[in-house]
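Undergrad: sequence-free structure coming up:
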């Protein structure tokens, strides 16, 4: 009988091990919090690789629901939505559609993006009620049947036509090759930058400095929301989940490489996101612009976080800032509460544990750090020169962060920096967020998806 009970327990635990749901960007609540990580009594020297499969290029993060993992990747001119069995990595279904994209030459670094070359995709999908929603790099919003991969509908926002003849140019950088054209792709002999496609939307003259759609879709009530645009303008669009029809729009300045979060402030449901020029609060009900806070920077990447009634964010390679939106009758106002100019940020979004704000900062050429969310004062920092970026998650009493070079850190919380252990989990850049549950760690690098276990 004891053996039968033990066997039953093992079966139940085995089922639970693959029942974790991580349905969207940064998890269930879009805040980077992992609720069911099992902290080992002793951290092992290395992780066990359960399976690894080649899935395609891109830095869109994987999501998980009911024993399946979903992701959006690129293969040549095609974007591909995939569904894999979480236990063994086997493909359940794959669905592709044609979506050529000419990346901004400044985003085509072989060192940072050896497979995707800046062609995305970037936005993380969302799965909800047996439907998978993806936003591709060229602003194609797709709704798939999560069980079969059938495309239910697609919307192509800000659609542009590619050049009839592909002509290449050096990005306008002031070197001696500026204004010259070339018939084939290559690298500029003067500035060593790769040629871009002339006359398409990578051109600063035509539609500004555009890198592709990055906003991860969000679902609020019975509506989905995306923020799309080009280098000159942006539109936040609420769409019907079943039909894809637009329900409301907010048109504003060019969108940033940031994703919105849903908050409720002063009894008002709203979406908070960053544009190239501002942080904004937009009514989730009708798309009305409620408030705006201007920014000096013209490029933002991270996702804002809410602490009590404060919105905390950082500009591109700029300071960490907290603002307080207030409402007096029907009029909104915004006040800056604190600004920390020493703790600058590049791509890494924050996680909160009470008043403790944890992040990976751009300052001192990359460092882990903690800030008091109430005052902006630094609690602790690591030494500098830690790297370019790291995706950070809260796993309870610890933090876990995957650096863009494939190094996975486990950090202790407290009043000082304490790295408990570090694992190597990828040989190519890891810009995507991991998915963590139980003793499992799911990693997407530039081309591969790998399941590791403690």
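TA: Nice, I can see it. Model, not experiment: these values are computed from the prediction.
Undergrad: all contacts plus neighbour counts: C-alpha atoms, from now on.
TA: Noted.
Undergrad: quick one: pLDDT of residue 168?
TA: Listed pLDDT for residue 168 reads 80.
Undergrad: Over to it: give its phi and psi.
TA: Dihedral angles of residue 168 (phi, psi; degrees, to the nearest 10) stand at phi -110, psi 150.
Undergrad: What of residue 107?
TA: Given degrees, to the nearest 10, the pair of backbone angles that residue 107 has is phi -100, psi 10.
Undergrad: and the gap between the residue nearest to it when sequence neighbours are not counted and residue 59?
TA: Take residue 107 and drop its neighbours on the chain: the residue closest to it by Cα to Cα, 6 or more residues apart in numbering is residue 118, 4.9 Å away. Distance of residue 118 to residue 59, computed by Cα to Cα, to the nearest Å: 9 Å.
Undergrad: Who has more neighbours out of those two?
TA: The neighbour count for residue 118 versus residue 59, taken as other Cα atoms under 10 Å, is higher for residue 59 (29 against 26).
Undergrad: mind listing what the more buried one touches?
TA: For residue 59, the contact set (Cα atoms under 8 Å, 6 or more residues apart in numbering) comprises 73, 120-123, 430-432, 444-446.
Undergrad: try 10 Å
TA: Residues near residue 59 by Cα atoms under 10 Å, 6 or more residues apart in numbering: 71-74, 113, 115-116, 118-124, 429-433, 444-447.
Undergrad: Now intersect these with the strands, please.
TA: Among these, the ones falling in strands (DSSP state E) are 71-74, 444.
Undergrad: now, the most widely separated pair of those residues?
TA: 74 and 444 (13.3 Å; Cα to Cα).
Undergrad: Looking at those two now, which is surrounded by more residues?
TA: residue 444 (32 against 28).
Undergrad: burial measure for the closest residue to that one other than its chain neighbours, as a count.
TA: Using Cα to Cα, 6+ apart and skipping residues adjacent in sequence, the residue nearest residue 444 is residue 432, 6.1 Å away. The number of residues packed near residue 432 is 24, by other Cα under 10 Å.
Undergrad: so where's the chain shaky on pLDDT?
TA: 1-20, 162-164, 198-209 (pLDDT under 70).
Undergrad: where exactly do the helices run in it?
TA: Using DSSP state H, the helices of the chain run over 2-16, 204-207.
Undergrad: Residue 157 contacts residue 212, correct?
TA: No. Here residue 157 lies out of contact with residue 212, judged by Cα atoms under 10 Å, at a distance of 11.9 Å.
Undergrad: Name the residues contacting each of these two.
TA: 138-139, 228-229.
Undergrad: Pick the one among these closest to residue 289.
TA: Of the shared contacts of residue 157 and residue 212, the one sitting nearest to residue 289 (Cα to Cα) turns out to be residue 228, at 16.1 Å.
Undergrad: So what sits opposite that closest one in the bridge?
TA: Using DSSP bridges, the bridge partners assigned to residue 228 are residue 235.
Undergrad: now residue 411
TA: Counting by DSSP bridges, residue 411 is bridged to residue 399, residue 419.
Undergrad: just checking, it touches residue 368?
TA: Yes. The pair residue 411 and residue 368 qualifies as a contact (Cα under 10 Å) at a distance of 9.5 Å.
Undergrad: more crowded one of these two?
TA: residue 368 (27 against 20).
Undergrad: any idea how far residue 403 is from that one?
TA: Taken as Cα to Cα, the span from residue 368 to residue 403 is 11 Å.
Undergrad: what touches both of those two?
TA: With Cα under 10 Å, 6+ apart, residue 368 and residue 403 have common neighbours 360, 386-387, 389-390, 392.
Undergrad: And residue 214, how far from residue 272?
TA: Here residue 214 is placed at a distance of 15 Å from residue 272 (Cα to Cα).
Undergrad: correction: residue 195
TA: 36 Å.
Undergrad: which one of these two has more residues nearby?
TA: Neighbours per residue (other Cα under 10 Å) separate residue 195 from residue 272, with residue 272 holding more: 25 against 22.
Undergrad: ok so, going back, can you redo the shared contacts of residue 157 and residue 212 as a markdown table with neighbour count and distance to residue 316?
TA: Output for those, formatted as a markdown table (neighbours: other Cα atoms under 10 Å; distance: Cα to Cα, whole Å):
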| residue | neighbour count | distance to residue 316 |
| --- | --- | --- |
| 138 | 27 | 22 |
| 139 | 25 | 22 |
| 228 | 27 | 19 |
| 229 | 23 | 19 |
